[in-house]
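**Student:** the amino acid sequence is not available; the structure is as follows:
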């Protein structure tokens with residue numbers, strides 16, 4: 001079975017942001033997201049793989065037998081947009097996107113150009129609902 005590439009690392013989150021992010025607005029948004037996600041999750045930020053900043057973790061196991069750990073919440077300050085890992089694509093959470101603001105959604109994340117494009121209160125509701133869902137469906141979160 002293939003080894004997961006996105007695992008927790010010992011790389012400094014602050015060092016990563018200063019070395020990876022070359023846009024002042026994205027850098028400020030990254031530090032603001034750290035404050036918010038730390039508050040909402042109750043966990044300190046950790047690097048996951050080379051470019052994801054994650055908060056907390058949970059263990060998943062698919063019917064195929066593939067299993068691993070993933071962050072409860074997270075984001076990555078990519079060149080084109082901030083990738084937010086804050087959404088469980090289940091029917092009961094779709095209404096939480098209604099008030100989020102300007103974003104695009106992919107299979108596993110929400111893309112925003114800058115934090116000022118979205119409603120932070122809606123992001124908080126989405127994040128807290130995701131944590132509750134993961135806690136309910138994947139047992140104890142760490």
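**Tutor:** Everything's here; your move. Bear in mind that the values here come from a model prediction, so they are computed numbers and not experimental data.
**Student:** who's in contact with the residue nearest the centre of the chain?
**Tutor:** Residue closest to the average C-alpha location in the chain (Cα atoms, centre = their mean): residue 74, at 2.0 Å. For residue 74, the residues meeting the contact criterion (Cβ atoms under 8 Å, 6 or more residues apart in numbering) are 37, 48, 52, 53, 54, 55, 84, 85, 86. Quick note: C-beta positions are derived from backbone N, CA and C, even for glycine.
**Student:** can you tell me the SS state at it?
**Tutor:** With DSSP: H, G, I helix; E, B strand; the rest coil as the basis, the three-state label of residue 74 is strand.
**Student:** follow-up on the earlier one: which ones among the contacts of residue 74 lie within helices?
**Tutor:** Using DSSP state H, the members of those that fall in helices are residue 37.
**Student:** just the contacts of residue 74: which are in strands?
**Tutor:** Judged by DSSP state E, these include 48, 52, 53, 54, 55, 84, 85 as members of strands.
**Student:** lowest-confidence helix or strand of this structure?
**Tutor:** strand 58-61 (a mean of 84; mean pLDDT, DSSP states H and E).
**Student:** now do that strand: which elements does it pack against?
**Tutor:** Using 3 or more Cβ pairs under 8 Å, 6 or more residues apart in numbering; DSSP states H and E as the contact criterion, the elements in contact with strand 58-61 are strand 67-70, helix 120-138.
**Student:** now the residue nearest to the centre of the chain: how far from residue 135?
**Tutor:** Relative to residue 135, residue 74 is positioned 16 Å away (criterion: Cβ to Cβ, to the nearest Å).
**Student:** now do residue 109
**Tutor:** Distance of residue 109 to residue 135, computed by Cβ to Cβ: 20 Å.
**Student:** between these two, who's got more neighbours?
**Tutor:** Between residue 109 and residue 135, residue 109 has the larger neighbour count (other Cβ atoms under 10 Å), namely 21 against 14.
**Student:** surely that one meets residue 83?
**Tutor:** Yes: taking contacts as Cβ atoms under 8 Å, residue 109 lies within contact range of residue 83: 4.5 Å.
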